[in-house]
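Enquirer: sequence-free structure coming up:
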Ligand code: A5P
């Protein structure tokens, strides 16, 4: 069985095809795993195996990929209903709680995934964790408040780092900045997020506590399907 990350991502993305049927509106995620799914979906459309699909995208980058793959793209307003959203994740715990946003698209991702009838996460097994917070939690903040919020997060011992793109602050598709914070070992991520969200200027965090309905995880032993418990 394949074990390199790209092959595992592809195996998870392929397995997600059976979540999609003709005529559906599909929410398309952001990141390398989601990008593989977009290209597979384009192949299916072109081969005539899936018809009348339309997509709502979680980033400008994914809109570009979907258009290149020949998938008709709708705005969220045009779609109103999304049948299924398929997206990757940075960390997945045993209860299917997620950290997302290392690609910077967390806000649109959360909006699309909450708007979908079903949200299916696709990932390679390296994304599974016992405790969320192995890496940093992305926090999207309005630009006006980025410096003052960084100071406040610092006082909470969250070691905030302003995300950069080259030498300039990274700007999200919605025009905000991102502060990547740590989750202290002694605290649960849900408590940290609750505290963070009290501050005006925080737009959204990359903690997805109950959005995912299903996870398709590809590992060296094969593809495993995990349902929300
Ligand atoms: C994008 O903002 C993220 O939420 C992605 O879903 C996440 O970073 C996973 O990306 P990869 O599939 O590239 O690991």
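Expert: Sure, I can see it. As the structure is a computational prediction, the values presented were derived from the model and not from experiment.

Enquirer: contacts and neighbour counts: CA atoms only from here.
Expert: Noted.

Enquirer: Get me the contact residues on the chain for the ligand.
Expert: Counting by Cα under 6 Å from any ligand atom, the chain comes close to the ligand at 30-34, 87-90, 100-106.

Enquirer: How about residue 27, nearest residue that isn't a chain neighbour?
Expert: In space, and not counting its chain neighbours, residue 27 is closest to residue 85: 4.0 Å by Cα to Cα, 6 or more residues apart in numbering.

Enquirer: what about residue 44, helix or strand, and which?
Expert: helix 32-46 (DSSP states H and E).

Enquirer: ok, back up a step: confirm the residue nearest to residue 27 sits in a strand?
Expert: Yes. Assigned with DSSP: H, G, I helix; E, B strand; the rest coil, residue 85 falls within a strand.

Enquirer: Would you confirm that it contacts residue 30?
Expert: No. Under the criterion of Cα atoms under 8 Å, residue 85 is not in contact with residue 30, lying 11.0 Å apart.

Enquirer: Those two - which one has more neighbours?
Expert: residue 30 (31 against 28; other Cα atoms under 10 Å).

Enquirer: What are the neighbouring residues in contact with that one?
Expert: 58-59, 61-62, 87-88, 103, 105, 109 (Cα atoms under 8 Å, 6 or more residues apart in numbering).

Enquirer: what's the answer for residue 149, then?
Expert: 199, 201.

Enquirer: neighbours around residue 22, how many?
Expert: Residue 22: 12 neighbours (other Cα under 10 Å).

Enquirer: And for residue 111?
Expert: Residue 111 - counted by other Cα under 10 Å - has 12 other residues nearby.
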